[in-house]
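[1] please work out how this folds:
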Amino acid sequence: MMMYLIRKFYRALRVLYYKMARVYSWIISCLKFYLNGVQFSYDFIGFGIPILDINMRGKFTIGRRFRFNSGKYHAMGGRQQQCYFVVAEGAELSIGENVGVTSVAIICHDKISIGNNVKIGINTVIYDTDFHSLDARYRNSYPERLDGVKSRPVVIKDGAFIGGHSTILKGVTIGRNSIVGAGSVVFQDIPDEQIWIGNPARFVKENQYSAVLI
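    Next up is the predicted model:
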């Protein structure tokens, strides 16, 4: 009986903690969004605190009903981390309405556009840049030269679903209501209403479950 009561007390503490964490996360995240010049709606739901690095000449917009899970206590799916949102000088990151993400890293050096009703699974990374030059002379110089570093826009259309631990690379468009299987590496466009899986991601079949409200 005593052990049962202890367990009940412990579970009650957990419930209380997560209720408090939601309020705390919302307050701190609001402050971070505001100080980084993010255009956002106050109806977002956040668990955990995201990491933001938004250049003064970059732009980051978030639509209504945004939801995120950030950090090891709020994203218990393995390889969890805080959410990272990075926007370089002159770059533009836009997230549409009713988007949900968990422990993502979105690094924008050019333009990344995420549509409405998009779900992005745990530990997914989205890069619109190579970060380093493909020319070994520049890449291996000291200090490293960034000549020839390539960046191209990433577009994720309405209703897309990206499985956890996926990597989305520069210049990619993911079609409306399309699904990217967990652990995939995407370096080419995915048409609307399709399912792609693998490294590199390949077409599997048409998406027969595409009744997403847009």
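
[2] which residue ends up closest to the midpoint of this structure in space?
    residue 104 (3.8 Å; CA atoms, centre = their mean).

[3] quick one, phi/psi of it?
    phi -90, psi 160 (degrees, to the nearest 10).

[4] got a pLDDT number for it?
    With respect to pLDDT, residue 104 scores 96.

[5] now for the lowest-mean-pLDDT helix or strand in the chain, which elements pack on it?
    Lowest on mean pLDDT, DSSP states H and E among the helices and strands of the chain sits helix 2-35, with a mean of 80. With contacts taken as 3 or more CB pairs under 8 Å, 6 or more residues apart in numbering; DSSP states H and E, helix 2-35 sits against strand 45-47. C-beta: built from backbone N, CA, C; applies to glycine.

[6] partner strands of the strand it packs on, with direction?
    Sheet pairing for strand 45-47, assigned by DSSP bridges, gives strand 67-69 (parallel).

[7] if we go by neighbour counts, what in the partner strand is buried?
    When neighbours are counted by 16 or more other CB atoms under 10 Å, the buried residues of strand 67-69 are found to be 68-69.

[8] just stretch 146-155 next, same as before
    Neighbour counts over stretch 146-155 (16+ other CB under 10 Å) mark 149, 151, 153-155 as buried.

[9] now the helices for this protein?
    Here the chain has its helices, by DSSP state H, at 2-35, 136-139.

[10] nearest to residue 98, out of those?
    Closest to residue 98 of the helices of the chain, according to CB to CB: helix 2-35, at 17.3 Å.

[11] chain center to that closest one: distance?
    Distance of helix 2-35 from the chain centroid (CA atoms, centre = their mean, to the nearest Å) equals 23 Å.

[12] can I get stretch 163-182 in PDB, CA atoms only?
    Taking Å, rounded to 0.1, in the frame of the first residue of the first chain, the C-alpha atoms of stretch 163-182 are listed here in PDB:
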ATOM      1  CA  GLY A 163       9.500  11.300 -40.200                       C
ATOM      2  CA  GLY A 164      11.900  11.500 -37.400                       C
ATOM      3  CA  HIS A 165      15.700  11.600 -37.900                       C
ATOM      4  CA  SER A 166      15.400  12.700 -41.500                       C
ATOM      5  CA  THR A 167      17.800  15.100 -43.300                       C
ATOM      6  CA  ILE A 168      16.400  17.600 -45.800                       C
ATOM      7  CA  LEU A 169      19.100  19.200 -48.000                       C
ATOM      8  CA  LYS A 170      19.300  22.400 -50.000                       C
ATOM      9  CA  GLY A 171      17.200  23.100 -53.100                       C
ATOM     10  CA  VAL A 172      14.500  20.500 -52.200                       C
ATOM     11  CA  THR A 173      10.800  20.800 -52.600                       C
ATOM     12  CA  ILE A 174       8.600  18.400 -50.700                       C
ATOM     13  CA  GLY A 175       5.100  18.200 -52.200                       C
ATOM     14  CA  ARG A 176       1.700  18.700 -50.800                       C
ATOM     15  CA  ASN A 177       0.600  15.900 -48.400                       C
ATOM     16  CA  SER A 178       3.700  13.900 -49.200                       C
ATOM     17  CA  ILE A 179       5.400  11.700 -46.600                       C
ATOM     18  CA  VAL A 180       9.100  11.300 -45.900                       C
ATOM     19  CA  GLY A 181       9.900   8.100 -44.000                       C
ATOM     20  CA  ALA A 182      11.900   8.100 -40.800                       C
END
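
[13] thanks a lot, catch you later.
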